[in-house]
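Engineer: Got a sequence here, can you model it:
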Amino acid sequence: MRSAEPSAAGPQLIAYADRLGGDLSGLERVMTDELGDVFDGVHVLPFFRPFDGADAGFDPEDHGQVDPRLGDWDDLRRLATGRRVMADLIVNHMSTASAQFRRYVAEGDDADVAPLFLTLSSIFPDGASEDDLARIYRPRPGLPFTPVTIGGRRRLVWTTFTSQQVDLDVRTPHFWEYLTGVIDALLAGGVTMLRLDAVGYTGKVAGTDCFMTPESGELVRRISDYAHARGAQVLLEVHGHHELQIELARSVDHVYDFALPPLLLHALTRGDLAPLVHWLGIRPSNSVNVLDTHDGIGVIDVARSDSTPARPGLLTDEQVDRLVTTIHANSGGTSRLATGDAASNLDLYQVNCTYYDALGCDDDALIVARLVQLFLPGIPQVYYVGLLAGSNDVGLLAATGVGRDVNRTHVDRTRLDAALARPVVRRQLDAVRLRSRHPAFGGAFSFDHDGAVLTLRWRHGPDQIVLEVDVASRRYALSGQGATPIPDLR
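Structural biologist: The predicted structure follows:
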């Protein structure tokens, strides 16, 4: 069991308990035995009841309870011993199978829980015009409403994501009582970082696109204040134009760098550093850095603004189209099967693919990308499928029809042992260890570039570490000075 105080900016793993370890105890064993000297923390993807609902746990029936098939709060507290644990605070919605919503369906507006839930009339009491409805931003095709009979009356319930995820009315005291109860349960369970899932969709206001409105920002501040008073930090999860991430970073503990993965893919597949270098000069330093996550590879995060087309993206329309085409080609077409109209879980802003497949299963390219991720300021988070250099799970995709499942494979003990024996996985583990241990990462960061070569430097007192990557040849070199040795990652 780990006992040292984990680094606040040390690398973290991202994993589902059921898909890596089998349950919370199993995940704790993997983190302790196989990965004990690698990661300072772990983002445990939804472990609430049920963890295997319509949206892989992001549709909780009981957000304040650990699914007993995965363990209990004591198991989570053991996982949190000596390491930081991040968990999802699912702010926007809950499952239509929840006890609260079922009571609302049965009793209608007379139910004590009725103020929790949003219908069309909650935001548009006098009715909505065509313009009102067309303006609403939704990350899936169609309008965000599902007809449901509530207390004997047919109503349009607000469902931003799937028809099984009913949106909550964040303006009501009922919501705040519900949400703080969830936060209290998570923090008591050893969680010290809260990932605000889908919070951008909460501030629904008539006459707006109902996405990341000032009301959403006010809710983020209120949650942050509540968390800070109890010793926890907040990570904001929002996909959108890169200028939005820069703006949001000024008011929260952490934001995701969702632009990094597609920009690195562009650089490594086109030999073009310019868009990435531009981003490195303006990106927030309080980022959580990822290559892949349980979701897909973001496109909206580097594209021009949909709402204001005159605002350019980090990539041009042509570059975005070429990148998507390249990912599909590198994956042998399997990412195309998992993206857009091909998959029931339609995602308009991302490509569903493992990062390894997106790079054409090129080991050296994956190591280059991982090193760049690890060398940038912020908290590096490594998704378990990416760490294990996983390929698209077309079998799981075929079984579920859910596009994102192509990058959410189940790893049993046999598959884990086989993956850990692969050179590309061992090289990644050594790279993450380097990020965890080298003292230079506690100092000052700088970068420069020359043609296709990017140089990233960290210096802290006598210790320095330097990474040079050539995105055209997909080669890299590590060097340093001071007492700490630089491992040979080849």
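Engineer: Okay, strands next: where are they in the stretch 201-350 of the chain?
Structural biologist: 233-236, 254-257, 287-289, 297-298, 350-351 (DSSP state E, counting those that start in this stretch).
Engineer: Any chance of CSV for those strands, columns mean neighbour count?
Structural biologist: Quick note: C-beta positions are derived from backbone N, CA and C, even for glycine. Rendered in CSV, the data for these read as follows (neighbours: other CB atoms under 10 Å):
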stretch, mean neighbour count
strand 233-236, 22
strand 254-257, 26
strand 287-289, 23
strand 297-298, 25
strand 350-351, 24
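Engineer: Save those strands as JSON lines, and put in mean pLDDT and distance to Val30 too.
Structural biologist: Shown next, in JSON lines, are those (pLDDT from 0 to 100; distance: least, CB to CB, whole Å):
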{"stretch": "strand 233-236", "mean pLDDT": "97", "distance to Val30": "23"}
{"stretch": "strand 254-257", "mean pLDDT": "97", "distance to Val30": "24"}
{"stretch": "strand 287-289", "mean pLDDT": "98", "distance to Val30": "21"}
{"stretch": "strand 297-298", "mean pLDDT": "91", "distance to Val30": "25"}
{"stretch": "strand 350-351", "mean pLDDT": "90", "distance to Val30": "27"}
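Engineer: between those, which gets nearest to Tyr476?
Structural biologist: Closest to Tyr476 of these is strand 287-289 (CB to CB; 17.0 Å).
Engineer: correct me, but Leu454 touches Ala472?
Structural biologist: No - using CB atoms under 8 Å, Leu454 is not in contact with Ala472; the gap is 10.8 Å.
Engineer: Counting neighbours, go ahead and name the busier of the two.
Structural biologist: Summary of the neighbour comparison: Leu454 and Ala472, criterion other CB atoms under 10 Å, with Leu454 having more neighbours (23 against 15).
Engineer: List every C-alpha atom in the helix or strand where the more buried one lies, with coordinates, as PDB.
Structural biologist: Using DSSP states H and E, the secondary-structure element containing Leu454 is strand 453-460. In PDB, the C-alpha atoms belonging to strand 453-460 read as follows (Å, rounded to 0.1, in the frame of the first residue of the first chain):
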ATOM      1  CA  VAL A 453      11.600  19.700 -34.400                       C
ATOM      2  CA  LEU A 454      10.000  20.700 -31.100                       C
ATOM      3  CA  THR A 455      12.100  21.100 -28.000                       C
ATOM      4  CA  LEU A 456      10.600  21.000 -24.500                       C
ATOM      5  CA  ARG A 457      12.700  21.900 -21.400                       C
ATOM      6  CA  TRP A 458      12.300  21.800 -17.700                       C
ATOM      7  CA  ARG A 459      14.800  23.200 -15.200                       C
ATOM      8  CA  HIS A 460      14.800  23.200 -11.400                       C
END
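Engineer: helices or strands next to it in the packing?
Structural biologist: Using 3 or more CB pairs under 8 Å, 6 or more residues apart in numbering; DSSP states H and E as the contact criterion, the secondary-structure elements in contact with strand 453-460 are helix 363-375, strand 444-450, strand 463-470.
Engineer: give me that answer again for 7 Å
Structural biologist: strand 444-450, strand 463-470 (3 or more CB pairs under 7 Å, 6 or more residues apart in numbering; DSSP states H and E).
Engineer: so what's Leu273 up against?
Structural biologist: Counting by CB atoms under 7 Å, 6 or more residues apart in numbering, Leu273 touches Ala267, His449, Ala452, Leu454, Val471.
Engineer: which of the residues you listed lies closest to Asn407?
Structural biologist: Asn407 lies nearest to Ala267 out of those, by CB to CB, at 21.1 Å.
Engineer: any idea how far Met193 is from the residue lying closest to the closest one once chain neighbours are set aside?
Structural biologist: The shortest distance from Ala267 to any residue other than its chain neighbours is 4.3 Å, reached at Val471 (CB to CB, 6 or more residues apart in numbering). For Val471, the distance to Met193 under the criterion CB to CB, to the nearest Å works out to 32 Å.
Engineer: neighbour-wise, which of these two wins?
Structural biologist: Neighbours were counted for Val471 and for Met193 using other CB under 10 Å; Val471 has more, 26 against 23.
Engineer: where does that one land on pLDDT?
Structural biologist: At Val471, the predicted lDDT confidence score is 97.
Engineer: got the contact list for the residue minimising distance to the centre of the chain?
Structural biologist: Among the residues of the chain, Thr293 comes closest to the average C-alpha position under CA atoms, centre = their mean, at 5.2 Å. The neighbourhood of Thr293, defined by CB under 7 Å, 6+ apart, consists of Ile14, Tyr383.
Engineer: That one and Tyr384: what is the separation?
Structural biologist: From Thr293 to Tyr384 the distance is 10 Å (CB to CB).
Engineer: Common neighbours of the two, please.
Structural biologist: Ile14.
Engineer: Break the protein into its domains for me.
Structural biologist: 12-91+173-443, 99-167 (automatic domain parsing).
Engineer: can you list the ones you listed in TSV and add distance to Leu478?
Structural biologist: Formatted as TSV, these follow (distance: least, CB to CB, whole Å):
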stretch	distance to Leu478
domain 12-91+173-443	8
domain 99-167	39
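Engineer: Out of those domains, which is the most enclosed?
Structural biologist: domain 12-91+173-443 (a mean of 20; mean count of other CB atoms under 10 Å).
Engineer: gap between the two ends of it?
Structural biologist: According to CA to CA, to the nearest Å, domain 12-91+173-443 extends 19 Å from its N-terminal end residue to its C-terminal end residue.
Engineer: I am finished for the moment; much appreciated.
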